[in-house]
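Undergrad: Following is a predicted model, sequence given first.
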Amino acid sequence: MQAGLMGLMALSLLGFLGEGNLFLDTMSHFRVQYYLVSCVFLIFFILMRSWRWAVAGILPVALNGFMVFFWFVPPADAQAVTEAKPNLRILIANVEKWNQEHAGLISMIREVKADIVVLPETDFEWAKALAQLRGAYAYQVSRPRADCLGMTVFSKFPVYPDAPMPPFRRNGIDEVYVHGMKVLGPAENFYLIAAHPMSPVNEDRFRARNFGLDQIAELAEGRRGTVIVAGDINTTMWSPYYWKLMRRTGLKNARKGFGILQSWPAFLMEWMRLPLDHCLVSPGIKVHRIRTGRPNGSDHLPVIVDLEM
(Lines give C-alpha, C1' and ligand atoms only; values in the text may rest on other atoms or scores of the structure.)
Protein backbone atom coordinates (compact mmCIF):
# COMPACT_ATOMS: atom_id res chain seq x y z
CA MET A 1 0.00 0.00 0.00
CA GLN A 2 2.88 2.35 0.74
CA ALA A 3 4.28 1.83 -2.76
CA GLY A 4 0.84 2.43 -4.24
CA LEU A 5 0.48 5.71 -2.36
CA MET A 6 3.92 6.86 -3.49
CA GLY A 7 3.05 6.01 -7.08
CA LEU A 8 -0.22 7.91 -6.82
CA MET A 9 1.56 10.94 -5.41
CA ALA A 10 4.04 10.82 -8.30
CA LEU A 11 1.28 10.62 -10.93
CA SER A 12 -0.61 13.47 -9.27
CA LEU A 13 2.45 15.72 -9.54
CA LEU A 14 3.67 14.57 -12.94
CA GLY A 15 0.36 15.59 -14.51
CA PHE A 16 1.40 19.22 -14.11
CA LEU A 17 4.41 18.65 -16.38
CA GLY A 18 2.51 17.38 -19.41
CA GLU A 19 3.32 20.09 -21.93
CA GLY A 20 5.41 18.53 -24.68
CA ASN A 21 5.04 14.97 -23.41
CA LEU A 22 2.19 12.65 -24.37
CA PHE A 23 2.53 10.35 -21.35
CA LEU A 24 2.63 13.16 -18.81
CA ASP A 25 -0.25 15.00 -20.50
CA THR A 26 -2.29 11.79 -20.38
CA MET A 27 -1.55 11.46 -16.66
CA SER A 28 -3.09 14.91 -16.08
CA HIS A 29 -6.59 13.76 -17.04
CA PHE A 30 -7.40 11.40 -14.17
CA ARG A 31 -7.93 13.81 -11.28
CA VAL A 32 -11.27 12.30 -10.29
CA GLN A 33 -9.80 8.80 -10.24
CA TYR A 34 -6.68 9.96 -8.36
CA TYR A 35 -8.87 11.64 -5.76
CA LEU A 36 -11.06 8.60 -5.17
CA VAL A 37 -8.12 6.19 -4.95
CA SER A 38 -6.20 8.54 -2.66
CA CYS A 39 -9.21 8.63 -0.31
CA VAL A 40 -9.09 4.82 -0.15
CA PHE A 41 -5.38 4.93 0.73
CA LEU A 42 -5.96 7.57 3.40
CA ILE A 43 -8.79 5.61 5.03
CA PHE A 44 -6.69 2.44 4.95
CA PHE A 45 -3.75 4.04 6.73
CA ILE A 46 -6.03 5.64 9.30
CA LEU A 47 -7.67 2.30 10.04
CA MET A 48 -4.22 0.69 10.31
CA ARG A 49 -3.12 3.52 12.62
CA SER A 50 -0.14 4.14 10.37
CA TRP A 51 -0.09 7.85 11.12
CA ARG A 52 2.98 8.84 9.14
CA TRP A 53 1.53 7.33 5.99
CA ALA A 54 -1.86 8.78 6.79
CA VAL A 55 -0.31 12.24 6.92
CA ALA A 56 1.45 11.56 3.62
CA GLY A 57 -1.87 10.42 2.17
CA ILE A 58 -3.39 13.83 2.83
CA LEU A 59 -1.29 15.37 0.03
CA PRO A 60 -2.88 13.57 -2.96
CA VAL A 61 -6.33 13.84 -1.36
CA ALA A 62 -5.96 17.60 -0.93
CA LEU A 63 -4.29 18.23 -4.28
CA ASN A 64 -6.66 16.19 -6.42
CA GLY A 65 -9.66 17.08 -4.30
CA PHE A 66 -9.06 20.77 -4.91
CA MET A 67 -8.79 20.20 -8.67
CA VAL A 68 -12.03 18.21 -8.67
CA PHE A 69 -14.22 20.25 -6.32
CA PHE A 70 -13.10 23.52 -7.91
CA TRP A 71 -15.59 22.73 -10.68
CA PHE A 72 -18.48 22.49 -8.24
CA VAL A 73 -17.90 25.98 -6.85
CA PRO A 74 -19.98 28.62 -8.67
CA PRO A 75 -17.93 31.29 -10.44
CA ALA A 76 -17.70 34.78 -9.00
CA ASP A 77 -20.24 36.12 -11.51
CA ALA A 78 -22.80 33.36 -10.88
CA GLN A 79 -25.06 35.78 -9.00
CA ALA A 80 -25.25 37.86 -12.16
CA VAL A 81 -27.51 35.23 -13.74
CA THR A 82 -30.81 37.03 -14.01
CA GLU A 83 -34.32 35.75 -13.54
CA ALA A 84 -34.72 36.00 -17.30
CA LYS A 85 -34.97 32.71 -19.11
CA PRO A 86 -32.00 31.46 -21.15
CA ASN A 87 -32.34 32.31 -24.81
CA LEU A 88 -29.78 29.96 -26.35
CA ARG A 89 -29.58 26.19 -25.94
CA ILE A 90 -26.63 24.33 -27.43
CA LEU A 91 -26.41 20.57 -27.80
CA ILE A 92 -22.99 18.96 -28.30
CA ALA A 93 -23.15 15.32 -29.35
CA ASN A 94 -20.25 13.39 -30.79
CA VAL A 95 -22.24 10.93 -32.88
CA GLU A 96 -19.38 8.38 -33.14
CA LYS A 97 -18.79 7.47 -36.74
CA TRP A 98 -19.48 3.76 -36.19
CA ASN A 99 -22.66 4.31 -34.20
CA GLN A 100 -25.62 2.87 -36.11
CA GLU A 101 -28.32 4.09 -33.72
CA HIS A 102 -29.29 6.99 -35.97
CA ALA A 103 -32.92 7.05 -34.86
CA GLY A 104 -32.00 7.24 -31.17
CA LEU A 105 -29.75 10.27 -31.61
CA ILE A 106 -32.21 12.04 -33.89
CA SER A 107 -35.01 11.40 -31.38
CA MET A 108 -32.85 12.86 -28.61
CA ILE A 109 -32.10 15.95 -30.71
CA ARG A 110 -35.82 16.51 -31.26
CA GLU A 111 -36.52 16.10 -27.53
CA VAL A 112 -33.82 18.52 -26.42
CA LYS A 113 -35.02 21.22 -28.86
CA ALA A 114 -31.66 22.97 -28.91
CA ASP A 115 -31.19 26.13 -30.93
CA ILE A 116 -27.77 24.98 -32.12
CA VAL A 117 -26.65 21.37 -32.48
CA VAL A 118 -22.95 20.55 -32.89
CA LEU A 119 -22.29 17.01 -34.16
CA PRO A 120 -18.64 15.89 -34.43
CA GLU A 121 -17.71 12.69 -36.31
CA THR A 122 -20.43 13.08 -38.95
CA ASP A 123 -19.57 10.77 -41.83
CA PHE A 124 -21.57 10.45 -45.06
CA GLU A 125 -23.94 7.83 -43.64
CA TRP A 126 -24.68 10.06 -40.65
CA ALA A 127 -25.14 13.09 -42.92
CA LYS A 128 -27.75 11.17 -44.90
CA ALA A 129 -29.60 10.13 -41.73
CA LEU A 130 -29.48 13.64 -40.25
CA ALA A 131 -31.08 15.14 -43.36
CA GLN A 132 -34.51 14.55 -41.79
CA LEU A 133 -33.74 17.31 -39.26
CA ARG A 134 -33.70 19.99 -41.94
CA GLY A 135 -37.36 20.71 -41.31
CA ALA A 136 -36.61 21.59 -37.69
CA TYR A 137 -33.49 23.61 -38.46
CA ALA A 138 -33.51 26.20 -41.18
CA TYR A 139 -29.73 26.50 -41.31
CA GLN A 140 -26.94 23.98 -41.33
CA VAL A 141 -23.25 23.56 -41.99
CA SER A 142 -22.59 20.03 -43.20
CA ARG A 143 -19.01 18.87 -43.74
CA PRO A 144 -19.08 15.07 -43.58
CA ARG A 145 -15.93 13.01 -44.07
CA ALA A 146 -15.12 9.34 -44.43
CA ASP A 147 -12.93 9.47 -41.32
CA CYS A 148 -13.82 10.64 -37.78
CA LEU A 149 -13.32 14.34 -38.51
CA GLY A 150 -16.61 15.24 -40.15
CA MET A 151 -18.75 17.99 -38.61
CA THR A 152 -22.37 19.03 -38.86
CA VAL A 153 -23.94 22.07 -37.22
CA PHE A 154 -27.70 22.67 -37.20
CA SER A 155 -29.00 26.10 -36.25
CA LYS A 156 -32.34 27.84 -35.87
CA PHE A 157 -30.52 31.13 -36.44
CA PRO A 158 -28.81 32.30 -39.65
CA VAL A 159 -25.28 30.93 -39.92
CA TYR A 160 -22.45 32.19 -42.12
CA PRO A 161 -19.57 29.69 -42.10
CA ASP A 162 -15.97 30.59 -42.80
CA ALA A 163 -13.78 28.40 -44.94
CA PRO A 164 -12.29 25.54 -42.89
CA MET A 165 -9.07 26.35 -41.07
CA PRO A 166 -5.85 25.21 -42.76
CA PRO A 167 -5.62 21.44 -42.32
CA PHE A 168 -3.09 19.37 -40.45
CA ARG A 169 -1.52 17.03 -42.98
CA ARG A 170 -1.12 13.59 -41.45
CA ASN A 171 -0.25 10.40 -43.32
CA GLY A 172 -0.87 12.19 -46.60
CA ILE A 173 -4.41 13.27 -45.62
CA ASP A 174 -5.59 16.81 -44.86
CA GLU A 175 -7.40 16.73 -41.51
CA VAL A 176 -9.65 19.63 -40.48
CA TYR A 177 -10.39 20.03 -36.77
CA VAL A 178 -11.97 23.48 -36.39
CA HIS A 179 -14.98 25.12 -38.08
CA GLY A 180 -15.75 28.79 -37.48
CA MET A 181 -19.01 30.53 -38.34
CA LYS A 182 -20.87 33.74 -37.60
CA VAL A 183 -24.31 33.23 -36.04
CA LEU A 184 -27.04 35.86 -35.98
CA GLY A 185 -28.13 35.00 -32.45
CA PRO A 186 -31.28 35.71 -30.45
CA ALA A 187 -30.00 38.85 -28.73
CA GLU A 188 -26.66 39.49 -30.39
CA ASN A 189 -24.46 38.03 -33.08
CA PHE A 190 -21.71 35.70 -31.98
CA TYR A 191 -18.94 33.60 -33.43
CA LEU A 192 -19.29 29.84 -33.05
CA ILE A 193 -16.27 27.55 -33.20
CA ALA A 194 -17.32 23.93 -33.69
CA ALA A 195 -14.27 21.85 -32.84
CA HIS A 196 -13.05 18.27 -32.82
CA PRO A 197 -9.27 18.00 -32.57
CA MET A 198 -7.73 14.57 -33.00
CA SER A 199 -7.71 12.17 -30.04
CA PRO A 200 -4.11 11.98 -28.74
CA VAL A 201 -3.59 8.22 -28.58
CA ASN A 202 -0.04 8.33 -29.99
CA GLU A 203 2.69 10.92 -30.58
CA ASP A 204 1.49 11.79 -34.09
CA ARG A 205 -2.09 12.33 -32.99
CA PHE A 206 -0.86 14.16 -29.88
CA ARG A 207 0.79 16.75 -32.14
CA ALA A 208 -2.38 16.89 -34.24
CA ARG A 209 -4.56 17.43 -31.16
CA ASN A 210 -2.35 20.27 -30.00
CA PHE A 211 -2.46 21.79 -33.48
CA GLY A 212 -6.26 21.78 -33.26
CA LEU A 213 -6.25 23.44 -29.84
CA ASP A 214 -3.92 26.13 -31.18
CA GLN A 215 -6.34 26.73 -34.05
CA ILE A 216 -9.24 27.16 -31.63
CA ALA A 217 -7.19 29.77 -29.77
CA GLU A 218 -6.19 31.49 -33.01
CA LEU A 219 -9.79 31.78 -34.16
CA ALA A 220 -11.05 32.99 -30.77
CA GLU A 221 -8.23 35.52 -30.37
CA GLY A 222 -9.07 37.06 -33.73
CA ARG A 223 -12.66 37.95 -32.72
CA ARG A 224 -13.64 41.12 -30.89
CA GLY A 225 -17.22 40.09 -30.15
CA THR A 226 -18.82 37.19 -28.35
CA VAL A 227 -17.30 33.74 -28.93
CA ILE A 228 -18.59 30.25 -28.16
CA VAL A 229 -16.50 27.11 -28.59
CA ALA A 230 -18.48 23.86 -28.67
CA GLY A 231 -17.34 20.34 -29.35
CA ASP A 232 -15.28 17.35 -28.36
CA ILE A 233 -11.84 18.90 -27.89
CA ASN A 234 -10.20 15.70 -26.64
CA THR A 235 -8.69 17.11 -23.50
CA THR A 236 -9.80 17.58 -19.92
CA MET A 237 -9.72 20.72 -17.80
CA TRP A 238 -6.52 19.53 -16.07
CA SER A 239 -4.23 19.35 -19.09
CA PRO A 240 -1.56 22.03 -19.51
CA TYR A 241 -2.82 22.41 -23.08
CA TYR A 242 -6.30 23.22 -21.82
CA TRP A 243 -4.85 25.86 -19.47
CA LYS A 244 -2.89 27.33 -22.37
CA LEU A 245 -6.05 27.51 -24.48
CA MET A 246 -7.97 29.29 -21.73
CA ARG A 247 -5.17 31.76 -21.06
CA ARG A 248 -4.94 32.68 -24.73
CA THR A 249 -8.66 33.09 -25.33
CA GLY A 250 -9.97 34.47 -22.03
CA LEU A 251 -13.01 32.21 -22.36
CA LYS A 252 -14.70 30.44 -19.45
CA ASN A 253 -15.86 26.86 -19.25
CA ALA A 254 -19.65 26.69 -19.00
CA ARG A 255 -19.41 23.71 -16.59
CA LYS A 256 -17.83 25.83 -13.82
CA GLY A 257 -20.12 25.52 -10.81
CA PHE A 258 -22.01 22.57 -12.27
CA GLY A 259 -19.49 19.79 -11.68
CA ILE A 260 -17.17 17.63 -13.75
CA LEU A 261 -19.79 16.30 -16.20
CA GLN A 262 -17.79 13.32 -17.44
CA SER A 263 -18.85 12.45 -20.98
CA TRP A 264 -16.48 9.74 -22.27
CA PRO A 265 -16.58 6.79 -22.57
CA ALA A 266 -20.33 6.59 -22.07
CA PHE A 267 -20.35 2.84 -21.34
CA LEU A 268 -18.26 3.19 -18.17
CA MET A 269 -19.49 4.20 -14.73
CA GLU A 270 -19.54 7.94 -14.20
CA TRP A 271 -16.51 8.09 -11.90
CA MET A 272 -14.41 6.33 -14.55
CA ARG A 273 -15.22 8.73 -17.40
CA LEU A 274 -13.35 11.82 -18.57
CA PRO A 275 -14.81 15.26 -19.41
CA LEU A 276 -13.80 15.68 -23.06
CA ASP A 277 -16.83 17.56 -24.42
CA HIS A 278 -16.81 21.28 -23.67
CA CYS A 279 -18.66 24.54 -24.16
CA LEU A 280 -16.37 27.55 -23.70
CA VAL A 281 -17.98 30.99 -23.74
CA SER A 282 -17.06 34.66 -23.58
CA PRO A 283 -17.22 36.10 -20.04
CA GLY A 284 -20.31 38.19 -20.85
CA ILE A 285 -22.47 35.13 -21.48
CA LYS A 286 -24.51 33.89 -18.52
CA VAL A 287 -24.66 30.12 -18.01
CA HIS A 288 -28.01 29.00 -16.59
CA ARG A 289 -27.45 25.26 -16.77
CA ILE A 290 -25.23 22.58 -18.27
CA ARG A 291 -25.75 18.84 -18.04
CA THR A 292 -25.04 15.57 -19.80
CA GLY A 293 -27.85 13.89 -21.70
CA ARG A 294 -28.93 10.29 -22.02
CA PRO A 295 -26.86 7.69 -23.91
CA ASN A 296 -27.63 7.42 -27.62
CA GLY A 297 -25.35 4.67 -28.89
CA SER A 298 -22.27 6.87 -29.11
CA ASP A 299 -19.20 6.48 -26.93
CA HIS A 300 -19.81 10.10 -25.83
CA LEU A 301 -22.69 11.40 -23.77
CA PRO A 302 -24.27 14.54 -25.19
CA VAL A 303 -23.79 17.84 -23.38
CA ILE A 304 -26.67 20.34 -23.17
CA VAL A 305 -26.01 23.99 -22.31
CA ASP A 306 -28.53 26.74 -21.57
CA LEU A 307 -27.11 30.23 -22.03
CA GLU A 308 -28.34 33.81 -21.76
CA MET A 309 -26.90 36.19 -24.31
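TA: Nice, I can see it.

Undergrad: how near is the nearest residue to Lys286 once chain neighbours are set aside to Pro166?
TA: What sits nearest to Lys286 in space, not counting adjacent residues and going by C-beta to C-beta, 6 or more residues apart in numbering, is Glu308, at 4.0 Å. All C-beta spots, glycine's among them, are computed from the backbone N, C-alpha and C. When C-beta to C-beta, to the nearest Å is the yardstick, Glu308 and Pro166 sit 34 Å from each other.

Undergrad: Name the residue in those two with the higher neighbour count.
TA: Under the neighbour definition other C-beta atoms under 10 Å, Glu308 and Pro166 were set side by side, and Glu308 has more, 18 against 12.

Undergrad: Am I right that Met181 is in a strand?
TA: Yes: note on Met181: a strand contains this position according to DSSP: H, G, I helix; E, B strand; the rest coil.

Undergrad: Assess the claim that it and Met165 are in contact.
TA: No: taking C-beta atoms under 8 Å as the definition, Met181 is not a contact partner of Met165, at 11.7 Å.

Undergrad: Give me the common contacts of these two.
TA: Jointly contacting Met181 and Met165 under the rule C-beta atoms under 8 Å, 6 or more residues apart in numbering is no residue at all.

Undergrad: Centroid-wise, who is the farthest residue in this protein?
TA: Arg49 (41.4 Å; C-alpha atoms, centre = their mean).

Undergrad: Report the contact partners of the residue nearest to Lys286.
TA: Glu308 sits next to 81-82, 84-88, 285-288 when contact means C-beta under 8 Å, 6+ apart.

Undergrad: let's see it at 10 Å
TA: Each residue near Glu308 by C-beta atoms under 10 Å, 6 or more residues apart in numbering is listed here: 80-82, 84-88, 186-187, 284-288.

Undergrad: Out of those residues, which sit inside strands?
TA: Among the contacts of Glu308, the ones falling in strands (DSSP state E) are 88, 286-288.

Undergrad: Just send these back as a markdown table, with neighbour count too.
TA: Conversion of the ones in strands among the contacts of Glu308 to a markdown table gives the following (neighbours: other C-beta atoms under 10 Å):
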| residue | neighbour count |
| --- | --- |
| Leu88 | 23 |
| Lys286 | 19 |
| Val287 | 24 |
| His288 | 17 |
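
Undergrad: and the closest residue to Ala84 other than its chain neighbours, backbone torsions?
TA: In space, not counting the residues next to it along the chain, Ala84 is nearest to Glu308; the distance is 6.2 Å by C-beta to C-beta, 6+ apart. Taking degrees, to the nearest 10, you get phi -120, psi 120 for the backbone angles of Glu308.
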